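> have a look at this prediction, sequence included:
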Amino acid sequence: MDENYFNKSTYWLQAWLALRSGNQQQTLDAVNHYLESLLENELINEQFLLKLWDENKAKGENPLPVHSPILPPALTGLPENVSRLPNDPPIFNNTMPQINNTTDELVLLHLSDFHINNQDEATRYISQLKSDLLNELKIKQLDYLILSGDIGNYATTGEYQAAAFFVESLIKQFSISREKIIITAGNHDVSYDLSKEEGDKKKFRHFNEAFYQPITQKSYPLDYNEQAILHIDQENKLLFLSLNSAWEIDHYFEKRSSIHSVALALALDEILEGDYQNWLKIAVWHHPVTGDEKMNDEFLQQLVTNGFKICMHGHIHEAKDELFKYDSNRGIRIIAAGTFGAPAKEQTTGIPLQYNLLTWNKNEACITVQTRRKEKPEGAWKADARWGDSNSPTASYKIELAKKEN
């Protein structure tokens, strides 16, 4: 049998496996190899791959039914085996079966201000967090991981290697797709040594090479104009915009913070050119837009008028729920995650270590934010009741989203 047939079937199977792991880019690459043509920005789902098996879309004779005449439910997600003899006509004709692997709820873990110093800290942090998620909150899978800056403490390679170990353990334990990890830089991710020795635009090189790139398998752009990064989830109609509020910081100016106006404009133009009218849009950065250390908040007006409903940040080492109002009908909810691992001397007085777990119920158009706390470095995470009535506070709050148009 022609070896090329075997190779084609292998690419098709690789596409299924990549799709199951949530890696859309690897799925697209495998399909392009199979078809010997180039598809760009096309959403590949189970129906698409099943149609390739059922029809002759590759160059030459269709090899798939030869090598895979029976497709089991474990592969397709369908309730029964699907079978087709190699020379038979397509079995689905114009009606493809509906394969529903989506869920009504997505679970998002929001961590900020790690300030990780070494591998020992990372090992302790990951054990404590996994115990809380698995044993206390009964979380088996995370759909998104959001990291809103201050991953390291002094922006050294060793710190980022320890942080990468921490995140890799989360990826493995909770089946997180790398494409669904949102990372932004904080002021502690600026290397003053690199700023002095290699120039201002190289100050995020350690952050990129030792953490961002190994985790996301993509490079963090060092050009400030490109540091507004879109993450597009076609399946769930969810869009994240990651912004760098630490781009102005260097060894001379340690306290400056802002959103780069050109980077934001380029990202918003890309959104305007796409079809994201009824999507949930979330922006992530590091610095606050309220309080003593707030940066200029004028950019929030642009986010509101472009349909953003939620923003997430860190830096202030305290979980907060705030609202920026643009007009009487529109605004954006501001979620601060607190600090996940800052040393005691850098914690806000009276505020424990914290993190947020968000659940987006798509049918009910609402997000529930659970806040967790850890009062002692060697202790366990627990519910952090601080929301609502001060006489009977709760450990969670809800954000009602506008109903999507059908």
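Looks like it came in fine.
> where are the low-confidence patches of this structure?
For the chain, the stretches flagged by pLDDT under 70 are 1-8, 20-24, 38-43, 56-67, 74-78, 86-87, 92-103, 403-406.
> hmm, Ile182 and Thr216 touching each other?
No - counting by CB atoms under 8 Å, Thr216 stays clear of Ile182, with 9.2 Å between them. Using the backbone N, CA and C atoms, a C-beta is placed for each residue, glycine as well.
> which of these two has more neighbours?
A direct count of neighbours by other CB atoms under 10 Å for Thr216 and Ile182 places Ile182 higher, at 22 against 18.
> which residue, neighbours along the chain excluded, lies closest to Cys311?
Nearest non-adjacent residue to Cys311, counting by CB to CB, 6 or more residues apart in numbering: Ala283, 4.4 Å away.
> so who does the one you found touch?
Applying CB atoms under 8 Å, 6 or more residues apart in numbering, we find Ala283 in contact with 240-243, 303, 308, 310-312, 332.
> now Glu375. Nearest residue, chain neighbours left out?
Nearest one to Glu375, counting by CB to CB, 6+ apart, is Pro352 at 4.6 Å.
> okay, and which of the contacts of Ala283 map to helices?
Leu303 (DSSP state H).
> for the protein, just list every one of the helices.
Under DSSP H, the chain gives helices at 3-20, 24-35, 46-54, 64-67, 73-76, 119-131, 157-174, 192-198, 205-207, 213-216, 261-273, 299-305.
> what is the neighbour count of the nearest residue to Ala155 once chain neighbours are set aside?
Nearest residue to Ala155 in three dimensions, chain neighbours excluded: Ser191, at 4.0 Å (CB to CB, 6+ apart). By other CB under 10 Å, 23 other residues sit near Ser191.
> need the distance between the two termini of stretch 385-396.
End-to-end span of stretch 385-396 (CA to CA, to the nearest Å): 7 Å.
> what's it in contact with?
319, 321, 368-372, 383-384, 397.
> closest one of those residues to Ile70?
Closest to Ile70 out of those is Thr368 (42.5 Å), distances taken as CB to CB.
> could you check how many residues crowd around the nearest residue in space to the closest one that is not next to it in sequence?
Closest residue in space to Thr368, ignoring its immediate chain neighbours: Thr359 at 4.7 Å, by CB to CB, 6+ apart. The tally of other residues near Thr359 (other CB under 10 Å) stands at 17.
> same question for Ala365.
15.
> how about the one 10 residues further on?
Glu375 sits with 11 neighbouring residues when counted by other CB under 10 Å.
> mind checking how far it is from Pro79?
48 Å (CB to CB, to the nearest Å).
> kindly report the same for Leu238.
For Leu238 relative to Pro79 (CB to CB), the value is 28 Å.
> tell me the most buried of the helices of the chain?
helix 205-207 (a mean of 23; mean count of other CB atoms under 10 Å).
> what sits up against that one?
151-152, 155-157, 160, 185, 189, 191, 194, 198, 220, 222.
> likewise for stretch 285-298?
112, 148-150, 184-187, 242-246, 255, 257-259, 300, 311-316, 320, 322, 324, 334, 336.
> so what's the closest residue to Tyr144 other than its chain neighbours up against?
Once flanking residues are discounted, Tyr144 sits nearest to Leu108: 4.2 Å by CB to CB, 6+ apart. The contact partners of Leu108, taken as CB under 8 Å, 6+ apart, are 142-146, 357-360.
> which strand residues bridge Leu108?
Counting by DSSP bridges, Leu108 forms beta bridges with Tyr144, Leu358.
> re the thing from before, pull the most distant pair out of the contacts of stretch 385-396.
Pairwise over the contacts of stretch 385-396, using CB to CB, the maximum falls at Asp321 and Ala383, 15.7 Å.
> picking that back up, export the contacts of stretch 385-396 to JSON lines and tack on neighbour count?
Formatted as JSON lines, those follow (neighbours: other CB atoms under 10 Å):
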{"residue": "Ala319", "neighbour count": "25"}
{"residue": "Asp321", "neighbour count": "15"}
{"residue": "Thr368", "neighbour count": "15"}
{"residue": "Val369", "neighbour count": "23"}
{"residue": "Gln370", "neighbour count": "17"}
{"residue": "Thr371", "neighbour count": "24"}
{"residue": "Arg372", "neighbour count": "24"}
{"residue": "Ala383", "neighbour count": "15"}
{"residue": "Asp384", "neighbour count": "24"}
{"residue": "Tyr397", "neighbour count": "16"}
